[in-house]
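Enquirer: Sharing a model prediction with you, sequence too.
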Amino acid sequence: MLLSPYATLLDRVRVFALLAFCGVVLAFLVLPIFVPVPLSVNAEAFFTFPLAGFSWRWYDEVLNSTQWREAIWHSLVIAIGATLLSTTLGTLAAVGLNSPRLPARRAILAILMAPLVVPVVITAVGAYLFYARLGLASTFTGIILAHAGVGSPFVVVTVSASLTHFDDALFRAALICGARPLTAFRRVMLPLILPGVLSGAAFAFVGSFDELVISMFLASAQQRTLPMQMYVGLREHLSPAITAAATLMMSLSIVLLIVADRLRSRR
């Protein structure tokens, strides 16, 4: 049955209207994220539009100020430690959950995915009450452990997606040839699922580097992270240096998410 030209034209109009609507919604959600970018190069010491002039002074303040540099260093240390821990634990958990003989697989998976569902403030309060009894509150160890617990589900999801394309016969063949399970995992399975592992690590790093609520509950004044420094700056005095820090954080997050997406596409 042939379609009339009017029906074809109407379908094209509907598709165009749908794409236009999606574009408007996407712009409404995404464009506000980029508002700090022009403000970060404003020569004026206030948040003003249009810009009074162009200046890199606020980036210079963020990168050369002692408080901002310490906050950046703390965020990097915590994010790297949490990423290493969550990547290791999340990968092992995903490999274990990949076995169909594992009892209570769904229950275990639900528990592992809980940090993605439970409000972060509840996680922060629970972590504080638990770590305070163990003496881990106001320590880098406690913050790293809490961030790793929140970042592990991202690794579990990405590694599990990679394992769906992994042929278990390769692992069994390595065992038959005399390799130990750890050796078979390291030399056979890990290289094939490495894109998923690295993708999950990128998500875990971004989640830890940008995390604020848990850090506010567990970190002391001497362990202030970059998001905490920005929050304190918003409360104490409004400075365009906050927009420069936000732009740097956003740029790092975008780069890592692009890397994670490329890695997922190569799995």
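Expert: Nice, thanks for sending it over. Numbering: from 1, shown residues only.

Enquirer: residue ranges with poor pLDDT in the stretch 151-267 of the chain?
Expert: Applying pLDDT under 70 to the stretch 151-267 of the chain picks out residues 263-267.

Enquirer: Can you point out the buried residues in the helix or strand hosting Pro153?
Expert: Using DSSP states H and E, Pro153 sits in helix 140-163. Buried residues in helix 140-163, defined by neighbour count with 16 or more other Cβ atoms under 10 Å: 142-163. Backbone N, C-alpha and C define where each C-beta goes, glycine included.

Enquirer: List the buried residues for the helix or strand where Tyr131 lies?
Expert: Assigning secondary structure by DSSP H and E places Tyr131 in helix 120-134. Buried residues in helix 120-134, counted by 16+ other Cβ under 10 Å: Thr123, Ala124, Ala127, Tyr128, Tyr131.

Enquirer: surely the last one meets Phe140?
Expert: Spelled out, it's Tyr131. No. The criterion here is Cβ atoms under 8 Å, and Tyr131 misses it with Phe140 at 11.8 Å.

Enquirer: and the angle from the longest helix along the chain to helix 140-163?
Expert: In the chain, assigned by DSSP state H, the helix with the most residues is helix 66-97. Interaxial angle, helix 66-97 versus helix 140-163 (axes from the mean of the first three to the mean of the last three Cα atoms, to 10 degrees): 40 degrees.

Enquirer: And whichever helix or strand comes after helix 66-97, what does it pack against?
Expert: As assigned by DSSP H and E, the chain's next helix or strand after helix 66-97 is helix 105-112. When contacts are defined as 3 or more Cβ pairs under 8 Å, 6 or more residues apart in numbering; DSSP states H and E, helix 105-112 packs onto helix 66-97, helix 140-163.

Enquirer: Output the contacting helices and strands for the first one.
Expert: With contacts defined as 3+ Cβ pairs under 8 Å, 6+ apart, the packing partners of helix 66-97 are helix 57-64, helix 105-112, helix 140-163, helix 190-209, helix 226-236.

Enquirer: got the angle for it vs helix 105-112?
Expert: 180 degrees.

Enquirer: If you average the pLDDT over helix 66-97, what comes out?
Expert: Helix 66-97 comes out with an average pLDDT of 91.

Enquirer: what's the closest of the buried residues of helix 120-134 to Ala45?
Expert: Nearest to Ala45 among these: Ala124, at 33.7 Å, using Cβ to Cβ.

Enquirer: quick revisit: okay, buried residues for the longest helix of the chain please.
Expert: Quick answer for helix 66-97 (16+ other Cβ under 10 Å): 68, 70-72, 74-76, 78-79, 81-83, 85-87, 89-91, 93-95, 97.

Enquirer: How far away from the center of its chain is that helix?
Expert: Taking the mean of its C-alpha atoms, helix 66-97 sits 10 Å from the chain's own mean (Cα atoms, centre = their mean, to the nearest Å).

Enquirer: was I right about Tyr128 contacting Leu218?
Expert: Yes. With contact defined as Cβ under 8 Å, Tyr128 reaches Leu218; the gap is 6.0 Å.

Enquirer: Give the intersection of the neighbour lists for the two.
Expert: Common contacts of Tyr128 and Leu218 (Cβ atoms under 8 Å, 6 or more residues apart in numbering): Ala137.

Enquirer: Return the distance of Leu85 relative to Ile143.
Expert: With distances taken as Cβ to Cβ, to the nearest Å, Leu85 is found 11 Å from Ile143.

Enquirer: actually Ile214, not the one I wrote
Expert: Distance from Ile214 to Ile143, by Cβ to Cβ: 7 Å.

Enquirer: next one: Phe54
Expert: According to Cβ to Cβ, Phe54 and Ile143 sit 37 Å apart.

Enquirer: Repeat that for Gly23.
Expert: 40 Å.

Enquirer: what about Ile33, how many neighbours?
Expert: Other residues lying near Ile33 total 11 when counted by other Cβ atoms under 10 Å.

Enquirer: List the residues that contact it.
Expert: Taking Cβ under 8 Å, 6+ apart, one finds Met250 in contact with Ile33.

Enquirer: I figured Ser215 was touching Leu226, is that so?
Expert: No. Using Cβ under 8 Å, Ser215 is not in contact with Leu226; the gap is 9.5 Å.
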